[in-house]
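Chemist: Curious how this folds, go ahead:
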Amino acid sequence: MRFMVLGQSNKDSEAGVLPDEKASPRWGSSMRSCAKAGVLLAAEGLQASSKGARVRFSGSKRTVIDGPFAETRS
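Modeler: Now for the predicted structure:
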């Protein structure tokens, strides 16, 4: 079984700053436990939403929207 853990984004996470283990000791402890047990496959994280794009599908038409809130283009 695979699962993904998501957290609320903030200005640090959007800037690519990794969370400090001191800020959430339970999270760090949990990650170490999973790694030690051999069940943690990856923990590299996701890119900031500002680097993403949304694609809207309508029939055969595709519209790409840069970033989470940018202007649309066809």
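Chemist: which secondary element of this structure has the worst mean pLDDT?
Modeler: strand 72-73 (a mean of 48; mean pLDDT, DSSP states H and E).
Chemist: The residue nearest the centre of the chain: which element?
Modeler: Most central in the chain under CA atoms, centre = their mean is Leu46, positioned 3.4 Å from the mean C-alpha point. Leu46 belongs to no helix or strand when assigned by DSSP states H and E.
Chemist: Can you pull the poorly scored residue ranges out of this structure?
Modeler: 1, 67-74 (pLDDT under 70).
Chemist: if I've got this straight, Ala42 is in a strand?
Modeler: No - counting by DSSP: H, G, I helix; E, B strand; the rest coil, Ala42 falls outside a strand, being coil.
Chemist: how far away is it from Asn10?
Modeler: Note on Ala42: its distance to Asn10, by CB to CB, to the nearest Å, is 22 Å. Backbone N, C-alpha and C define where each C-beta goes, glycine included.
Chemist: which one of these two has more residues nearby?
Modeler: Each of Ala42 and Asn10 has its neighbours counted (other CB atoms under 10 Å); Asn10 has more, 10 against 7.
Chemist: give the contact list for Val55.
Modeler: Contacts for Val55 (CB atoms under 8 Å, 6 or more residues apart in numbering) come out as Arg62, Thr63, Val64, Ile65.
Chemist: Is the second one bridged to anything, and to what?
Modeler: Okay, so that is Thr63. For Thr63, the beta-bridge partners are Arg56 (DSSP bridges).
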